[in-house]
Every structure is written in C-alpha cells, then in structure tokens.
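**Q** sequence and predicted structure, then a few things I'm wondering about:
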Amino acid sequence: MLARWLHIYLSMISFAVVFFFAATGLTLNHADRFSDEATTVQSKGGLNLAWVKGPDTTAIARREIVSYLRKANDLKGELSDFRIDPEQIGVSFKGPGYAADAFIDRATGEYDLTITKAGFVGVINDLHKGRDTGRSWSVFIDVCAILLVLVSLTGFTLIFYLKKKRLSGLTLAALGLLVAWLVYRIWIK
C-alpha cells in the first residue's frame, strides 16, 4: 500500500525536522526558562577616506566598505542594511542569533562597530522562525513544511485501512481539532 510506504519513509526522513521544530517550539514558547546570554563586543577602526568622503558613496566604494568591515572584523551574516546619511554611513549585518552594526563618520573614516551574538538557544530560535537566515533556509523550511504535510496526510489516510481502529482514530482526530479550536475560542482574545 502506497500510503503506508510513504508514511514510513517520509516519517523517517522528517524525524530530525520534527524533533528540531518541536524542541525549538518549546524554547520559543518558554523563552524565560530557556534564554541564554547574548554577548556584545564593541570595537573601533578606520576606513579609507576615499570610500566615505565623496558626496555620494559609489557602488564600488560600498563593496569595498562591506568587504573591509567583513575581513577586518571577521563579520558574519548577510548585509541587511547600508544607509548613507550626510554625516555618517550605517552598515548592518544580520544572521541567526547575530547582528553587527557599524557607524562610520564620513568626515574622518572612523567607525564604531557593535557585534551582538546570541547563545545557542537564540540561534536555534531564529532558525525556527526563519529570521535573518537567508533564501536557502527559507526554502529548507518550505520543503520541511511540505514534507510534514505529506507525513500527516499519509498517516491520516492509513486510519481508513484499519477497520478496528478507524472509528477511535477519527474520533481522536476530531477531538484534537475540537480542543485546538476551543482553546483558541475561549482563551485567545
């Protein structure tokens, strides 16, 4: 039977995914119990004045600034913001559990950099939410969601082939749906 074969093997493939999202669901729902300390590091540095001094920083200079900041400070994450103001340039990098923000004085080329790193729980919580994770992780989450829908549907389909368990299985499925709906209607305002 195709439904049983699909359910068994899709379940085995998705075991780690179910475990990860279940565990991180708990850490997100009880952040007060599972939070860990973020570390913040501040540093200073200087950039080539030619990159920042002109009336409008060119695309080449922007690449140079980003490249220099990454190399000089071992920055991680994706470039999330590059803002040019008359007096300063702001550059931000973000990743799961990670943020780096540089503020560059356009008159001197000097910059102040703040790097904030969350602990393990902060990283996995951001992965669960897909926050600052980029396109690849977003696609991975979508594939996992589709896989879990297929696992659920094949598992539900199997109950129709088990005559002795069909009524109780469908009753429990309806009860689970009813409980979720009641919790929403009664306690969620």
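**A** In hand now; what should we look at?

**Q** which stretches in the protein count as helices?
**A** 2-29, 31-34, 49-52, 59-73, 120-129, 134-158, 163-187 (DSSP state H).

**Q** okay if I get those as TSV plus mean neighbour count, distance to Y98 and mean pLDDT?
**A** No exception for glycine: its C-beta is placed from N, CA and C like everyone else's. Converted to TSV, the helices of the chain look like this (neighbours: other CB atoms under 10 Å; distance: least, CB to CB, whole Å; pLDDT from 0 to 100):
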stretch	mean neighbour count	distance to Y98	mean pLDDT
helix 2-29	14	17	90
helix 31-34	11	18	88
helix 49-52	17	24	90
helix 59-73	15	13	92
helix 120-129	18	8	95
helix 134-158	14	12	93
helix 163-187	10	34	93
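
**Q** any idea which of these gets closest to T40?
**A** Comparing those against T40 with CB to CB, the closest turns out to be helix 120-129 (12.6 Å).

**Q** that closest one versus helix 2-29: what angle between them?
**A** With axes from the mean of the first three to the mean of the last three CA atoms, to 10 degrees applied, the angle from helix 120-129 to helix 2-29 works out at 130 degrees.

**Q** may I see the helices of the chain arranged in TSV, with distance to T114 as well?
**A** Shown next, in TSV, are those (distance: least, CB to CB, whole Å):
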stretch	distance to T114
helix 2-29	25
helix 31-34	23
helix 49-52	18
helix 59-73	11
helix 120-129	16
helix 134-158	22
helix 163-187	40
